[in-house]
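Peer 1: mind folding the following:
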Amino acid sequence: MATPGYDEPDEEPADDLGAHLNEDADHPQRRLDLYFRQLSDGRREAYDRMPIDPMIDVSTALRRMPAHWLTAACRLLHLEDPAGLRSNRKARTFALMGALSSARQLSIALEKLPKRSLSALRVVLESGGCVALIMLTQEFGEMDGDGWLWDEEVPSSCLGVLRSYALLHVGRLRVEQDGGLPDLYVPVAVVPLDLRSVLCTMLNVRVNDPFGRMEAPAETDDLQAALVGARRYFEQPDITLGIDCATIEDFLHRSAAAGFSAFDVWRHIDLLFEFAAHNLHELHDCNDFCAFHLSELATEFVDRRQSPRWTLAQRRALVETVNRLFVHLRAIGVASADAEEEIAFGTRTMLAGKRRLSLIRRPVPLGGEVVFMYDDDENPGTQRRYTINHRRIAVVWWADFDQDWDAMIARCSTITDGVRKADLARELMNLDTSICDLLLACSEEDEVETAGIWFQNDPVLFVSAW
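Peer 2: You can find the predicted model right below:
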């Protein structure tokens, strides 16, 4: 990947290992690389759907950035030091705030940016600091391939370079419509408010037509807006849970005929698909959807994706929409009877209380739960599966052993169930390093601590709780 600060030469696109994309496309390693890139891009795209304030300041923008993006920005601005920035999110945030508040540091950063990235930054500033993302991607290209773990490999796209320096931030902006039509959520790119003036001065930019690039076309009515949204989604869907566009259109028509807002129903389904994409390692079709998934969707996932915070009535409506959808899917033979009953149980449980939703907790993982899997080309018809056990081993290897497999395997002679843990470590050691990258990308924020305790004290279990 090219070093930020230099314009890339015109040449055929290459993958992360430098191999041209049209060469040996069916090789197992190429397929694994492609899977990893898609998963990594998927996590970034899910993050980019989070709400954003068009008047966001630097402090708030940095606090909403993933920790490894902060690490990447510190490195690019030469803020990394041995005093603990890497392990201390708060320290990295304050260091970046100081650097971005310094005209000298900003000037140095601008000198490193490629010409096209500077042009994109000027476009955003000329539009008042906030611009519809599609206006930028049409002119400066998409961010495909920029991935998620920027502390390991910084973005190379025109817009991704700006984001890696924390100068540009992406999210969804709610746009109100006249005539009683439902609000639209427009993907936007934003330069933090307190950077706009100084950047305009440095780049000799004159602001004109602020927010003029965010105008959204009005739809004729509620149902038409919902149908348009569904059709656009299915043109390039992230995930569909085995449901086709015609089925969703039929459900939207039936919902409208029953007196529901079709656009609200589509917003709920869109959230369902987005949730499934975020959990693609365990949700492949609608029959995989469990009651605890419904609970996670209507609570913590909605909290991360919607602003302002949803009311209890909005969350109840989401749960009821998903329940009606599964009844419809069961009636046309798409969902199984067990799946319909699982969601019905989840709906009854969550809506039992009058003043709050009753949560359904995900069972504590035992170890055999699949984190991700892919087709094994060496053994057609089979799949390679990697579980919570593998992920725990990868996390401990990365956090406690400084990525030293030999030291980790040696330690296994002194811990509980060390033989099995050593076998898991040897399995990962003999695989391509991208497998560990995938496992670490899927890890939870608190897993460094919990995996370390498991490694020292708990046996290896191969059964699954979900």
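
Peer 1: now Val186: phi and psi?
Peer 2: phi -100, psi 120 (degrees, to the nearest 10).

Peer 1: does it touch Arg172 like I think?
Peer 2: Yes: counting by CB atoms under 8 Å, Val186 touches Arg172, with 6.7 Å between them. In short, each C-beta sits where N, CA and C put it, glycine included.

Peer 1: for the residue nearest to Pro54 when sequence neighbours are not counted, give me the pLDDT.
Peer 2: Distance criterion CB to CB, 6 or more residues apart in numbering; nearest residue to Pro54, sequence neighbours excluded, is Cys130 at 4.0 Å. Cys130 is assigned 89 on the pLDDT scale.

Peer 1: doesn't Ala189 make contact with Cys130?
Peer 2: Yes: using CB under 8 Å, Cys130 makes contact with Ala189 at a distance of 7.4 Å.

Peer 1: what segments of the stretch 1-150 of the chain are helices?
Peer 2: Under the criterion DSSP state H, counting those that start in this stretch, the stretch 1-150 of the chain carries helices at the ranges 28-48, 58-63, 67-76, 89-100, 103-112, 115-126, 133-140.

Peer 1: same for the strand or helix carrying Val302, what does it pack against?
Peer 2: Per DSSP states H and E: Val302 is located in helix 302-305. With contacts defined as 3 or more CB pairs under 8 Å, 6 or more residues apart in numbering; DSSP states H and E, helix 302-305 has these neighbours: helix 262-278.

Peer 1: what does the helix it packs on rub up against?
Peer 2: With CB atoms under 8 Å, 6 or more residues apart in numbering as the test, helix 262-278 has contacts from 42-43, 46, 49, 181-182, 222-223, 225-227, 229-230, 233, 237-241, 248, 251-253, 255-256, 283, 289, 293, 296-297, 301-302, 305, 317-318, 321-322, 325.

Peer 1: show the end-to-end separation of stretch 76-93, please.
Peer 2: 14 Å (CA to CA, to the nearest Å).

Peer 1: what mean pLDDT does it get?
Peer 2: For stretch 76-93, the per-residue pLDDT averages 69.

Peer 1: pLDDT on stretch 192-209, on average?
Peer 2: Rounded mean pLDDT across stretch 192-209 is 78.

Peer 1: which of the residues in that stretch are buried?
Peer 2: The neighbour-count check on stretch 192-209 (16 or more other CB atoms under 10 Å) flags 192-196, 199-200, 205 as buried.

Peer 1: relative to Arg384, which of these is nearest.
Peer 2: Closest approach between those and Arg384, by CB to CB: Pro192, at 42.9 Å.

Peer 1: so what's the closest one closest to, chain neighbours aside?
Peer 2: Here the residue nearest Pro192, using CB to CB, 6+ apart, is Val58, at 4.4 Å.

Peer 1: for that neighbour, give me its contacts.
Peer 2: Taking CB under 8 Å, 6+ apart, one finds 97, 100-101, 166, 192, 194-195 in contact with Val58.

Peer 1: about what we covered before: emit the PyMOL select command for whichever of the contacts of helix 262-278 are buried.
Peer 2: Typed into PyMOL, the next command selects the buried ones out of these (criterion: 16+ other CB under 10 Å):
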select buried, resi 42+43+46+49+181+182+222+223+225+226+227+229+230+233+239+240+241+248+251+252+255+256+283+289+293+296+297+301+302+305+317+318+321+322+325
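
Peer 1: among the contacts of helix 262-278, which ones are in helices?
Peer 2: Among the contacts of helix 262-278, DSSP state H puts 42-43, 46, 222-223, 225-227, 229-230, 233, 248, 251-253, 255-256, 293, 296, 302, 305, 317-318, 321-322, 325 in helices.

Peer 1: among the helices of the stretch 1-150 of the chain, which gets the worst mean confidence?
Peer 2: For these, where the average pLDDT is lowest is helix 28-48, sitting at a mean of 71.

Peer 1: take the contacts of Val58 and write them to a markdown table, including distance to Ala337.
Peer 2: Listed next are the contacts of Val58 as a markdown table, based on distance: CB to CB, whole Å:
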| residue | distance to Ala337 |
| --- | --- |
| Met97 | 55 |
| Leu100 | 56 |
| Ser101 | 60 |
| Ala166 | 50 |
| Pro192 | 52 |
| Asp194 | 56 |
| Leu195 | 56 |
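
Peer 1: list just the nearest of these to Arg362.
Peer 2: Checking these against Arg362 by CB to CB gives Ala166 as the nearest, at 33.4 Å.

Peer 1: what's around the closest residue to that closest one other than its chain neighbours, how many residues?
Peer 2: Spatial nearest neighbour of Ala166, chain neighbours left out: Ala73 (4.6 Å); criterion: CB to CB, 6+ apart. Close neighbours of Ala73, defined as other CB atoms under 10 Å, add up to 27.

Peer 1: ok, now Gln314?
Peer 2: 15.

Peer 1: and what of Ile415?
Peer 2: The burial count for Ile415: 14, using other CB under 10 Å.

Peer 1: show the contacting residues for it.
Peer 2: Ile415 neighbours (CB under 8 Å, 6+ apart): 421, 455-457.

Peer 1: that'll do, ta.
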